[in-house]
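J.: Sharing a sequence plus its predicted fold:
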Amino acid sequence: MKAAVITFPGSNCDRDLACAFAEMGAEVTRVWHKDDALPAGTDIVAVPGGFSYGDYLRCGAIAARSPVAAALRAHAARGGLVLGVCNGFQILTELGLLPGALMRNAALRYICRPERLIVASTDSPFTAGYALGDAVTFPIAHHDGNYVIDAEGLARLKAEGRIAFRYATNPNGSVDDIAGVLSENRRVLGMMPHPERAMGMTGAQESADGSAFFRALCAAMTAA
Ligand SMILES: NC(=O)CC[C@H](N)C(=O)O
């Protein structure tokens, strides 16, 4: 199973994501934002957190127009798996691969802390390792994590079971406490919290709840 992790100028969670996939046995390739192709046989593209292009003009707006974006779009169009974490989630909404948008946190502050989430759908390769209603703790670190979507879009996400994670206590004003959403074909996940920073690294990470996330994801890729 092959994971491609994209790096933009300003990404800062690309290595964490690469390590999380490698720990679960994936072959990981790092892809630069100027590359216009993905490695052959890529199963999943991971779009990392950080401050791509300095978060100008909006978080993720420039990354969505970078050279690698067309290859990412084509991968998703083929039904390939895509994971966007934090800035990655912002980029996926800017690309139109996921509905909604990430706005400034309601309190207008950058928030960096562990956050308790509730698993709201297990029907995806990303969340199959959890039980519905499980509580997991992943760190958040963002100033633009306030998820917005119109009423019709929200009704659709709910009806189709595409809300993957909800905040137990809403930190940023996101509608319906949404922390992560799935695409229509359930092959694209965007989430603000960081599962790759919850791999139980001794002395560095408080939570190990992200291990089940990457284990299930890599198992799904191996089975496919
Ligand atoms: N950790 C991150 O990915 C930060 C995301 C984004 N640039 C924000 O602060 O909202």
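T.: Received it, and whenever you're ready, just let me know what you need. Numbers count the residues shown, from 1 in each chain.

J.: And the average pLDDT for the helix or strand hosting R156 is what?
T.: For R156, the element it lies in under DSSP states H and E is helix 151-159. The average pLDDT within helix 151-159 is 98.

J.: Going forward, count from 53.
T.: Yes, from this point I'll number from 53; that puts the last item at helix 203-211.

J.: what about the residue nearest to M243 when sequence neighbours are not counted, is that helix, strand or coil?
T.: Once flanking residues are discounted, M243 sits nearest to G232: 3.0 Å by Cβ to Cβ, 6 or more residues apart in numbering. For every residue, glycine as well, the C-beta is placed using N, CA and C. Following DSSP: H, G, I helix; E, B strand; the rest coil, G232 is assigned to strand.

J.: what about G232, distance to R214?
T.: As for G232, its distance to R214 is 10 Å (criterion: Cβ to Cβ, to the nearest Å).

J.: quick one, which of these two is more surrounded?
T.: Using other Cβ atoms under 10 Å as the criterion, G232 and R214 rank with G232 on top: 31 against 22.

J.: Tell me the bridge partners for the more buried one.
T.: F217, M243 (DSSP bridges).

J.: just to revisit the earlier point, which ones are touching the residue nearest to M243?
T.: 141, 169, 215-217, 241-245 (Cβ atoms under 8 Å, 6 or more residues apart in numbering).

J.: Next, the buried residues of the longest helix seen in the chain.
T.: Secondary structure of the chain per DSSP state H: the longest helix is helix 262-275. By neighbour count with 16 or more other Cβ atoms under 10 Å, helix 262-275 contains the buried residues 262-273.

J.: Kindly report the same for stretch 62-71.
T.: By neighbour count with 16+ other Cβ under 10 Å, stretch 62-71 contains the buried residues 62-66, 68-70.

J.: Determine which two of those residues are furthest apart.
T.: Largest separation among the buried residues of stretch 62-71 by Cβ to Cβ: G62 and A70, giving 16.6 Å.

J.: in the chain, which spans are helices?
T.: 66-75, 121-129, 139-146, 203-211, 262-275.

J.: other SSEs contacting the longest one?
T.: If contacts are counted by 3 or more Cβ pairs under 8 Å, 6 or more residues apart in numbering; DSSP states H and E, helix 262-275 sits against helix 66-75, strand 133-137, strand 187-194.

J.: How far off centre is the last one?
T.: In other words, strand 187-194. Relative to the mean C-alpha coordinate of its chain, strand 187-194 is positioned 12 Å out (Cα atoms, centre = their mean, to the nearest Å).

J.: Tell me which other helices or strands that strand touches.
T.: For strand 187-194, the packing partners by 3+ Cβ pairs under 8 Å, 6+ apart are strand 163-171, helix 262-275.

J.: With the first one instead?
T.: Based on contacts counted as 3+ Cβ pairs under 8 Å, 6+ apart, the elements that helix 66-75 packs against are strand 54-59, strand 79-84, strand 96-99, helix 262-275.
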